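Peer 1: Got a sequence here, can you model it:
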Amino acid sequence: MRYNASTFGDFKCGHCHAMVSSSHFLSGVNNRNHCPYCLWSCHLDLYAAGDRLSACKGRMRPIGLTLKISRNKYQRKSSGELMLIHQCVDCEAFSINRIAADDNTDTILAVFEASIREQIHVLCELNGIAALRPEDSYILHKQLYGSFETPIPVL
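Peer 2: Residues are numbered from 1 along each chain as shown. Model prediction:
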């Protein structure tokens, strides 16, 4: 089954079938291609975010979380932007997408917990992606809630 995302505008999620708004006002991102409810994406981009050059168009499963690498060599490791890691269910390509303002926090936490159970960090590292690990739960909590006070329990 191919994903129902269009190149521009609102789309129907190919996984949970929810209608998704591509409005920058709601999401805070310019190139929306993942569902804010289930976080599944579509393999749309080939070389850069928003290029929409991929011929695959397969569904992309959220498999983990990472931090955006900063060019600022003085920036702390824990202060990069939180990103979703997706893997295409058709061609197995990896993609990293920005977390959008309207993404479901509980689903983000569930992706993190599943990534720990499935130990996806090894597969991600083979593809040049540093996935968050159990010991990074305080970073996730800081990114989502703005404090380090209560760490997220790891299942």
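Peer 1: what's the helix or strand for F112?
Peer 2: helix 105-118 (DSSP states H and E).
Peer 1: So which residues make contact with whichever helix or strand comes after that helix?
Peer 2: Sequence-wise, the next helix or strand downstream of helix 105-118 (DSSP H and E) is helix 121-126. Residues from elsewhere that reach helix 121-126, judged by Cβ atoms under 8 Å, 6 or more residues apart in numbering: 63-64, 66, 85, 94, 115, 130-131, 133. C-beta: built from backbone N, CA, C; applies to glycine.
Peer 1: Present these as JSON lines; the columns should include distance to L44, pLDDT and secondary structure.
Peer 2: Output for these, formatted as JSON lines (distance: Cβ to Cβ, whole Å; pLDDT from 0 to 100; DSSP: H, G, I helix; E, B strand; the rest coil):
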{"residue": "I63", "distance to L44": "17", "pLDDT": "97", "secondary structure": "strand"}
{"residue": "G64", "distance to L44": "20", "pLDDT": "96", "secondary structure": "strand"}
{"residue": "T66", "distance to L44": "19", "pLDDT": "95", "secondary structure": "strand"}
{"residue": "I85", "distance to L44": "16", "pLDDT": "96", "secondary structure": "strand"}
{"residue": "F94", "distance to L44": "14", "pLDDT": "91", "secondary structure": "strand"}
{"residue": "S115", "distance to L44": "22", "pLDDT": "95", "secondary structure": "helix"}
{"residue": "A130", "distance to L44": "24", "pLDDT": "93", "secondary structure": "coil"}
{"residue": "A131", "distance to L44": "22", "pLDDT": "94", "secondary structure": "strand"}
{"residue": "R133", "distance to L44": "29", "pLDDT": "93", "secondary structure": "coil"}
